[in-house]
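1. Next input, structure requested:
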Amino acid sequence: MTKAKQLASEIHNDTIALLAEHRIQGQKYSSPQHQATYSAEGLKTLAQKFSAEYLERAAAIQQKANALADSTAQNYRDGLDKFKTIDGDATAQLLGETRAGKAWARIKAELDAGKGDFATKADQLGKLLTSGDQTTRHAILTEGPSYLRASGWQSHNATADEYLEGILTEQDEHLSDLFNEAASAANLRTTVNYNAGAVTQRLSTLPPDATAEPRLPALAGYVDPTTVREVF
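-> This is a model prediction of the structure:
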C-alpha cells in the first residue's frame with residue numbers, strides 16, 4: 001500500500017467527521033432559542049465565523065494531499081538526479097565526468113553513423129540506457145535529451161527528457177517505486193481538490209439542512225478517494 005492509499009483513508013474519514021460535526025453544531029444556529037438571543041445581523045456574523053472555522057479545517061485536510069503529492073514528486077526527482085550526478089570529492093567527480101564524456105563520444109559517434117530519424121535514435125538510446133552501466137546511464141541522461149531534440153524530436157506524449165527518464169524508471173526497481181508513490185499521490189491530490197467544491201459548498205451552507213446526510217458518498221459531486229485506483 002502506498003502512502004497515498006493510507007492518506008486517502010485518513011482524509012476520507014476526517015472529512016466525514018468534519019461534516020458530521022458541522023451538521024450537529026450548525027443546528028444551534030437555526031434553533032429558536034439561538035435566534036431569539038441574537039439580532040439578524042448578529043446571527044449573520046456568527047454564522048460567517050462558524051463557516052470560516054470549518055472551511056479552514058477543511059483546507060488543512062486538503063493540504064495534506066497537496067503536501068504528499070509535492071514531497072513524493074520531489075523524492076522521484078531526487079531519485080532521478082542520482083543518475084545524473086557523480087558522487088565523491090572533486091577528483092572523483094572530475095574522473096567520473098571524464099569517463100561519462102568519453103562514453104557519450106562513443107555513443108554519439110555510433111548514433112551519427114547510423115541511419116534513421118529521431119525515433120530510431122531514440123530507440124537506440126533507450127536500449128543503451130537499459131543495458132548500460134552507471135557511466136553510460138549518466139552520459140545518456142545528461143546528453144541524450146539535447147541530442148534527440150537536435151535530431152528532430154517530436155512527441156505529443158513526452159519530452160526527450162521524460163522519454164529517457166521513463167525508460168530508466170521502468171528498469172530500476174527503486175526508481176519505479178518512487179514513481180508509483182508520486183503518481184498515486186498526484187491522483188489523490190486531483191481527487192481531493194476536485195472534492196473541495198462539494199465539501200466547501202456543504203460547509204458554507206447555514207443553517208445546515210437537518211436532513212442532510214453526513215456520509216460523503218451521498219454528497220453530490222464527491223468522489224471517495226479510497227476508491228481511486230493506485231498507479232502500478
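2. Please name the nearest non-neighbouring residue to the residue nearest the centre of the chain.
-> The chain has residue 186 as the residue nearest its centroid, 2.6 Å off, counting by CA atoms, centre = their mean. Spatially, and ignoring its direct neighbours in sequence, residue 186 is nearest to residue 69 (5.2 Å; CB to CB, 6 or more residues apart in numbering). (C-beta placed from N, C-alpha, C; glycine too.)
3. residues contacting the one you found?
-> By CB atoms under 8 Å, 6 or more residues apart in numbering, the residues touching residue 69 are 182, 185-186, 188-189.
4. Out of the residues you listed, give me the one that has the most neighbours.
-> Most neighbours among the contacts of residue 69, by other CB atoms under 10 Å: residue 185, with 29 neighbours.
5. Tell me if I'm right that that one and residue 5 touch.
-> No. Assessed by CB atoms under 8 Å, residue 185 is found out of contact with residue 5, at 9.7 Å.
6. circling back to that earlier point, look up how far residue 62 lies from the residue nearest to residue 186.
-> Distance of residue 69 to residue 62, given as CB to CB, to the nearest Å: 11 Å.
7. same thing with residue 43?
-> 28 Å.
8. circling back to that earlier point, look up the pLDDT of the residue nearest to the centre of the chain for me, please.
-> Looking at residue 186, its pLDDT is 93.
9. Helix or strand: which one has it?
-> helix 173-203 (DSSP states H and E).
10. Also residue 154?
-> Here residue 154 is covered by no helix or strand, with elements defined by DSSP H and E.
11. same deal with residue 105?
-> Judged by DSSP H and E, residue 105 forms part of helix 90-113.
12. for that helix, packing partners?
-> helix 118-131, helix 134-150 (3 or more CB pairs under 8 Å, 6 or more residues apart in numbering; DSSP states H and E).
13. ok, and what's touching the shortest one?
-> Outside of helix 118-131, the residues within contact range by CB under 8 Å, 6+ apart are 107, 110-111, 114, 136-137, 140-141, 144, 147-148, 151-154, 160, 163-164, 167-168, 171.
14. quick one, that helix and helix 134-150 angle?
-> Orientation check (axes from the mean of the first three to the mean of the last three CA atoms, to 10 degrees): helix 118-131 against helix 134-150 gives 170 degrees.
15. Mean confidence (pLDDT) on helix 118-131, please.
-> Per-residue pLDDT values over helix 118-131 give a mean of 90.
16. now the angle between helix 90-113 and it, please.
-> Using the same axes, to 10 degrees: helix 118-131 against helix 90-113 is 140 degrees.
17. what about the helix ranked longest in the chain, average pLDDT?
-> Using DSSP state H to define each element, the chain has its longest helix at helix 40-84. Helix 40-84 comes out with an average pLDDT of 90.
18. looking at the protein, which residue lies furthest from center?
-> Most peripheral residue of the chain (CA atoms, centre = their mean): residue 36, 49.2 Å.
19. Quick check: that residue vs residue 205, distance?
-> 22 Å.
20. Chain neighbours aside, what residue packs nearest to residue 140?
-> residue 129 (5.0 Å).
21. Single out the most deeply packed of the helices and strands packed on helix 90-113.
-> helix 134-150 (a mean of 19; mean count of other CB atoms under 10 Å).
22. Tell me which residues are up against that one.
-> Contacts for helix 134-150 (CB under 8 Å, 6+ apart): 80, 83-86, 96, 99-101, 103-104, 107-108, 111, 118, 121-122, 125, 128-129, 132, 159-161, 163-165, 168.
23. Mind checking which of the residues you listed are buried?
-> Buried subset of the contacts of helix 134-150 (neighbour count, 16 or more other CB atoms under 10 Å): 80, 83, 86, 96, 99-100, 103-104, 107, 111, 118, 121-122, 125, 128-129, 132, 160-161, 163-165, 168.
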